[in-house]
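Engineer: Whatever this is, show me its structure:
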Amino acid sequence: MKVEKIKIDSEYIKLQDLLKLSGVCPTGGMAKVVIQNGEVKVNGEVCTMRGKKLRPGDTAEFEDTGIEVE
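Structural biologist: From the prediction side, this is the model:
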């Protein structure tokens, strides 16, 4: 699995924004769909909340890509 590290300057980033920022989803609409379909894991558990707040140290997974928030 490929792991990308995304550095944020705020307290948190919403899950759908993280997927878009990292490039694993080209659009916010696609991010919304894959999250609602249960295709994304946050910290190892399936997450269907697109507004889920991720903070530094949290991880998200979609298909063969892991994303670590720094």
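
Engineer: Helix, strand or coil: sort out residue 18 for me.
Structural biologist: Following DSSP: H, G, I helix; E, B strand; the rest coil, we place residue 18 in the helix state.

Engineer: which residues touch residue 41?
Structural biologist: 47, 60, 61, 62 (CB atoms under 8 Å, 6 or more residues apart in numbering). Quick note: C-beta positions are derived from backbone N, CA and C, even for glycine.

Engineer: Show me what it bridges to in the sheet.
Structural biologist: residue 46, residue 61 (DSSP bridges).

Engineer: From residue 10, how far out is it?
Structural biologist: For residue 41, the distance to residue 10 equals 22 Å [CB to CB, to the nearest Å].

Engineer: Name the surrounding residues that touch the lowest-mean-pLDDT helix or strand in the chain.
Structural biologist: Ranked by mean pLDDT, DSSP states H and E, the weakest helix or strand in the chain is strand 2-6, scoring a mean of 93. Applying CB under 8 Å, 6+ apart, the contact partners of strand 2-6 are 13, 18, 21-24, 64-70.

Engineer: Quickly run through the sheet partners of that strand, with directions.
Structural biologist: For strand 2-6, the pairing partners within the sheet under DSSP bridges are strand 65-69 (parallel).

Engineer: Can you mark which positions in the strand it pairs with are buried?
Structural biologist: Neighbour-count burial for strand 65-69, counted by 16 or more other CB atoms under 10 Å, picks out 66, 67, 68, 69.
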